[in-house]
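Enquirer: Can you look at this prediction? I've put the sequence above it.
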Amino acid sequence: MEAKAYLNYVRISPRKVSIVLDLIRGKDVKLAEAILKHTPKAACEQLQKLLKSAIANAENNHDMDTSKLYVAACSVSQGPTLKRIRPRAQGRAFRINKKTSHITLVLKEREN
């Protein structure tokens, strides 16, 4: 039995998110919450909300015990890129790519 939560079109680069996901992959839910709370990265705030959503899904939709939950899998993939233009000298224009992310979080119960 597993509980999933998705967060799509987040306005943060997938590379920045994957650094934080590597910190919480395989950890217990309480430890993952503590790591996200005390890590000074931009992605942590969004991932905290996603983790709480996944915990709520596990508890309410699948009747899982929240004390036994752990982060079984978490992944990020690139969403659509917002293309913006920055004016430069002599009438030129430079492109700025604002990347978005699709994040997936999967929780499972430990066998203990």
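Expert: Perfect, thanks for sending it.

Enquirer: drop to CA atoms for contacts and neighbour counts, all remaining ones
Expert: OK.

Enquirer: Local confidence estimate at the most centrally placed residue in the chain?
Expert: Of all residues in the chain, the one closest to the mean position by Cα atoms, centre = their mean is residue 47, 4.2 Å from it. pLDDT for residue 47: 96.

Enquirer: so who does it touch?
Expert: Listed by Cα atoms under 8 Å, 6 or more residues apart in numbering, the contact partners of residue 47 are residue 36.

Enquirer: Tally up the residues packed near residue 90, please.
Expert: 6 (other Cα atoms under 10 Å).

Enquirer: that's a strand at it, yeah?
Expert: No. Under DSSP: H, G, I helix; E, B strand; the rest coil, residue 90 falls outside any strand and is assigned helix.

Enquirer: Could you check which helix or strand contains residue 6?
Expert: Under the criterion of DSSP states H and E, residue 6 resides in strand 2-10.

Enquirer: Quick check: neighbours of that strand in the sheet, parallel or antiparallel?
Expert: strand 101-109 (antiparallel) (DSSP bridges).

Enquirer: picking that back up, avg pLDDT for the strand holding residue 6?
Expert: pLDDT averaged over strand 2-10 gives 95.

Enquirer: again with stretch 77-92
Expert: pLDDT averaged over stretch 77-92 gives 97.

Enquirer: Contacts made by the strand holding residue 6 with the rest, please.
Expert: Contacts of strand 2-10 (Cα under 8 Å, 6+ apart): 50-51, 53-55, 57-58, 62, 79-80, 100-109.

Enquirer: Please apply the same query to stretch 16-32.
Expert: For stretch 16-32, the surrounding residues in contact (Cα under 8 Å, 6+ apart) are 35-36, 41-44, 67-76.
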